[in-house]
Each structure stands twice: as C-alpha cells, then as structure tokens.
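Colleague: got a predicted structure here, sequence first:
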Amino acid sequence: MTNAGRNVLAEHPDSPGSLGIAISEAVEDAVTHKNSRYSLGSVLNHVLMHQTIIGLEAQKQMDKLGVYPDVVIGCAGGGSNFAGIALPFARDKIHGKRVTIIGAEPSSCPTMTRGPFAYDFGDLAKMTPLLPMYTLGHDFVPPSIHAGGLRYHGMAPVVSHLVREKVMEARAYNQLETFDAGVKWARTEGFIPAPETNHAIAAVVDEAMRAKEEGKEKVILFDWSGHGLVDLASYEAYLSGKLEQYDLPEEEIQRALKAIEGLPKP
C-alpha cells in the first residue's frame, strides 16, 4: 500500500519484511495523508526513557524483597524493551553498583555482537535522521527466524553507547539454543514464553549454570517480554526438528554494510 513497500516487493517478491521496512511505510503514510500521524515505538532514545518504567518498577519490587540483582538480562532487537529493564540499573552501575547487564540478540541478526558502531538510518527508505548505533546496514533484511520482534538492523543509540562503553554487554544466541531454553522454562515454570523472550531465558540459563559451576548464589533478574501462546507452531517446528541453527554469514554482513559507505562517522 506504500511506495516503500512496493519497491521492496519489486526487488524481493518473497521478502519476509522487517522493522526497518515497516518504519519506512509508516513514515510515508504519515507524510502523505493529512489525517495520519505516526509515533515511533522503538529504537529512538525518547522511547527508551518511557520504557524505563519497567526497570524502575523492578527496582521497587526488589527493594521489597530486600535483594539486588547480580545480573540483569533482556532480549534485544531495536533496544527499547531491553533498555526498559536495563537503564535504571545502568544508572546504578555508573554510580558504583556491581551488576552485570546483558542484552541477548539473535545470531541471525547480530547487530551488537557483529555490526560496527556507525551512523545509519533507522529505516530502509532513509526517512529517519542518521543515528549513531550498532548496525548491519539499513537495507539489511534479517532471515525469517522465529523471533519477529528482534529482527532489526540497528540498535538504539543509548544502548549502543552503553555497550560500547562496556556498561552493558551483548550476547548472540541461535534459535535452537533459545527454544531449548524456552522449553526448559515451560516445563519448569508451567507457562510458555515468546520466542523473543527465549533469547533472554537462554542468557539466564547460561548465567545460572555459571553460578552453579562457581559455587556462587546469584540473583538474576530478566525481563519477561511476552507469552508464546500465539507461537505454538514455532514450538512444534522446534520439537519436530524442523528448525535449524542459523548464524548470519559474514559475507551477508559485508554486503549489507555497503549501504552505509559514505555516511558520516560517529
């Protein structure tokens, strides 16, 4: 229904879509229709500030329990969900608290773990301002893995800066690892996590096993970002062996990064 969308389909008829494409279409619709408005809901720094209500509430809950987390974890796509839980604790860490903060992303869309820190557009059609962030290139369309909300080429500027300054760290997990963690959670806790949430749970499992090996007791806080009741088909695909481990090939990253050649450097 938009020029941006039609251009994508003309070049890639089987395109699975991406958040970058959706942003281009939304901006185009807003600027071409008198009664249309668009408020970006992810990636930009002001969105992250709204999301911090998650982390602020978590801090109050932990205060009531009389504990403070050793580790804070969230899944990371564009960064707003992860920042929501993490930024209040990042503030604490900057002021001296000892806490490890981990953003878990897909290995098929490894923005923070394999992308450069660069200026890039937040959308495919280059309608947004340039943002300083970890990026795989604005025309990168991630594979159609079972973690739709994490399929984004860039990372929020504030999150990117804090990872670059080593206040936070990033880890990448493939979809077999994440579904294994999600099934463990469902069998242990009795409710089913969304595929996006499974990335955070995979990091939780890693940290719990590390604490066990070290003989340490750790408080691990993670952001439960959604249930998986509408994703049961993807669980069926995992349990029947139809899902494959997929790590983004280096040549695809290098191809996509050609899109930011010539842009200013941060």
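Modeller: Everything's here; your move. Remember, it's a predicted structure, so these values are computed and weren't measured experimentally.
Colleague: what are the boundaries of the strands in the stretch 1-150 of the chain?
Modeller: 71-75, 100-106, 117-121, 130-134 (DSSP state E, counting those that start in this stretch).
Colleague: could you say what helices and strands the second one packs with?
Modeller: Going back to what we said before, that points to strand 100-106. Packing partners of strand 100-106 (3 or more Cβ pairs under 8 Å, 6 or more residues apart in numbering; DSSP states H and E): strand 71-75, helix 80-94, helix 111-114, strand 169-173, helix 195-214. No exception for glycine: its C-beta is placed from N, CA and C like everyone else's.
Colleague: and what of the third one?
Modeller: In terms of contacts (3+ Cβ pairs under 8 Å, 6+ apart), strand 117-121 is packed against strand 130-134.
Colleague: phi and psi next, for residue 41.
Modeller: Here is the backbone geometry of residue 41 (degrees, to the nearest 10): phi -110, psi 10.
Colleague: do residue 13 as well
Modeller: The phi/psi pair for residue 13 (degrees, to the nearest 10) is phi -60, psi -30.
Colleague: out of the strands of the stretch 1-150 of the chain, which is the most enclosed?
Modeller: strand 71-75 (a mean of 27; mean count of other Cβ atoms under 10 Å).
Colleague: partner strands of that strand, parallel or antiparallel?
Modeller: strand 100-106 (parallel), strand 220-222 (parallel) (DSSP bridges).
Colleague: for residue 45, find the nearest of the helices and strands packed on strand 100-106.
Modeller: For residue 45, the closest of these is helix 80-94, at 8.8 Å, according to Cβ to Cβ.
Colleague: what does the closest one contact?
Modeller: The contact list for helix 80-94, computed with Cβ atoms under 8 Å, 6 or more residues apart in numbering, reads 41-43, 47-49, 51-56, 58-59, 69, 72-76, 97, 99, 101, 103, 149, 156, 158-159, 162, 167-168, 196, 221-223, 225.
Colleague: tell me the angle that helix makes with strand 169-173.
Modeller: 140 degrees (axes from the mean of the first three to the mean of the last three Cα atoms, to 10 degrees).
Colleague: buried sites along helix 80-94?
Modeller: Neighbour-count burial for helix 80-94 flags 80-90, 92-93 (criterion: 16 or more other Cβ atoms under 10 Å).
Colleague: just the closest of the residues you listed to residue 122, please.
Modeller: Among the buried residues of helix 80-94, residue 80 lies closest to residue 122 (Cβ to Cβ), at 12.1 Å.
Colleague: how near is that closest one to residue 50?
Modeller: 8 Å (Cβ to Cβ, to the nearest Å).
Colleague: quick one: pLDDT of residue 94?
Modeller: pLDDT for residue 94: 97.
Colleague: how about the one 3 residues further on?
Modeller: Turning to residue 97, the model gives it a pLDDT of 97.
Colleague: residue 41 too?
Modeller: According to the model, residue 41 scores 79 on pLDDT.
Colleague: closest one to residue 233 among the strands of the stretch 1-150 of the chain?
Modeller: Here strand 100-106 is closest among the strands of the stretch 1-150 of the chain (Cβ to Cβ), at 18.2 Å.
Colleague: just the angle for that closest one relative to strand 130-134, thanks.
Modeller: Using the same axes, to 10 degrees: strand 100-106 against strand 130-134 is 100 degrees.
Colleague: residues in contact with strand 100-106: which ones?
Modeller: Under Cβ under 8 Å, 6+ apart, the answer for strand 100-106 is 70-77, 79, 82, 86, 89-90, 93, 111-113, 142, 145, 147, 150-151, 159, 163, 167-175, 178, 199-200, 202-203, 207.
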